[in-house]
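Asks: Requesting a structural model of the entry that follows:
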Amino acid sequence: MADSVQTGSSSLLHASDVAATLTPRTAPNGIRFAAYGDTRVADSDLQRIVQAVPALIAPALQGRIFYFVPLALPEMRRNPDPREEPSDSGHTLIASETTPELFDDAICHRNVQLLPTPHAPAHEGVFISARLLRDTFALAFEFFINVGHAFAEHAGIPDAFTTLAWSQALADVRGETSQDAFEARAAALAPRAESGSRDFQPDEKARLDFLEAAFADAVAIYQLSLAIDFDYAELREREYPLLAPAALADRLRLVAQLFPPNPGYDFSIRYRRRA
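Replies: Below you'll find the predicted structure:
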């Protein structure tokens, strides 16, 4: 029987209990996933999002199962659940129903190292808060960001992407694809700003951090473009300017060449025409 934790009028379940009750599905590309509770996400939308991961990227995710749940919340407890491996970030609770208070405490996703369940061997569970993300666009992007970073960690950065992204940075192309990429790029180029010379040695750690973040972002945005129709401006955030569209298009074309879309998915870049 699931071990529930009562919080106010809502029932919270341990992430390990949720995982134990679910039989993960395997998409045609090999990605394993499951949905729990009232996520308000149509099954057809969920399947299209998961299957958008190209076949050349999916094998890097074999040790993970993606759980789409209403809300995931962190919990620090004195008596940890023995089915979750210890973590500095504590343990994870899943809301079977939602309240305004739980929305305030929820996080977009939570990675949990899980011991074997009745339906899966030991694995990393990625619990994604579907209700917190509110719409298909936000849910898809959160999923693809997870995929992009996991793939970058596993596969490294292709030489062709390194050459392209670093040449754009040296050319002072405006903006970046995320806060991490923006800050790492600025740090990598700081020695040039200090010396006032183009003949400089970049901060190598910051340069590698920039390239990894930029590659993970490009993989995520590329997959997002395969799964749903969206406007690039929807990714805009206040903290940094978005990468110039032409520069992003060059990165995405390269990623598409390296990791072609699965059957049933098409990649294209359309620029908005001015009236």
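Asks: Against Ala206, how distant is Val147?
Replies: Per C-beta to C-beta, to the nearest Å, Val147 is found 24 Å from Ala206. For the C-beta atoms, the positions are set from N, CA and C on the backbone; glycine is no exception.
Asks: So which of those two has more stuff around it?
Replies: Each of Val147 and Ala206 has its neighbours counted (other C-beta atoms under 10 Å); Val147 has more, 26 against 18.
Asks: Report the buried residues of the one helix or strand the more buried one maps to.
Replies: According to DSSP states H and E, Val147 maps onto helix 136-155. Within helix 136-155, the residues scored as buried using 16 or more other C-beta atoms under 10 Å are 136-137, 139-152, 155.
Asks: If you count residues, where's the longest helix of the chain?
Replies: Longest helix in the chain by number of residues (criterion: DSSP state H): helix 204-227.
Asks: Which secondary structure elements does whatever helix or strand comes next after that helix sit against?
Replies: Sequence order places helix 245-258 as the next helix or strand after helix 204-227, per DSSP H and E. The contact analysis (3 or more C-beta pairs under 8 Å, 6 or more residues apart in numbering; DSSP states H and E) places helix 245-258 against helix 159-170, helix 204-227.
Asks: distance between the first one and the chain's centre?
Replies: What separates the centre of helix 159-170 from the centre of its chain is 22 Å, taken as C-alpha atoms, centre = their mean, to the nearest Å.
Asks: Mind giving me the packing neighbours of that helix?
Replies: Counting by 3+ C-beta pairs under 8 Å, 6+ apart, the packing neighbours recorded for helix 159-170 are helix 179-195, helix 204-227, helix 245-258.
Asks: Give me the mean pLDDT for it.
Replies: The average pLDDT for helix 159-170 rounds to 98.
Asks: what about Gly175, neighbour count?
Replies: 16.
Asks: what about it, distance to Glu124?
Replies: Remark: distance between Gly175 and Glu124 (C-beta to C-beta) = 32 Å.
Asks: circling back to that earlier point, in the longest helix of the chain, what's buried?
Replies: Under 16+ other C-beta under 10 Å, the buried positions of helix 204-227 are 206-207, 209-227.
Asks: quick one, domains of this protein?
Replies: By the record's domain assignment, the chain is partitioned as 4-144, 156-258 (automatic domain parsing).
Asks: so how far does the last one reach from one end to the other?
Replies: Domain 156-258 has its terminal residues 13 Å apart, counting by C-alpha to C-alpha, to the nearest Å.
Asks: Just give me how far it sits from the chain centre.
Replies: A distance of 16 Å separates the centroid of the chain from that of domain 156-258, by C-alpha atoms, centre = their mean.
Asks: repeat for the longest one
Replies: When C-alpha coordinates are averaged (C-alpha atoms, centre = their mean), domain 4-144 and its chain have centres 13 Å apart.
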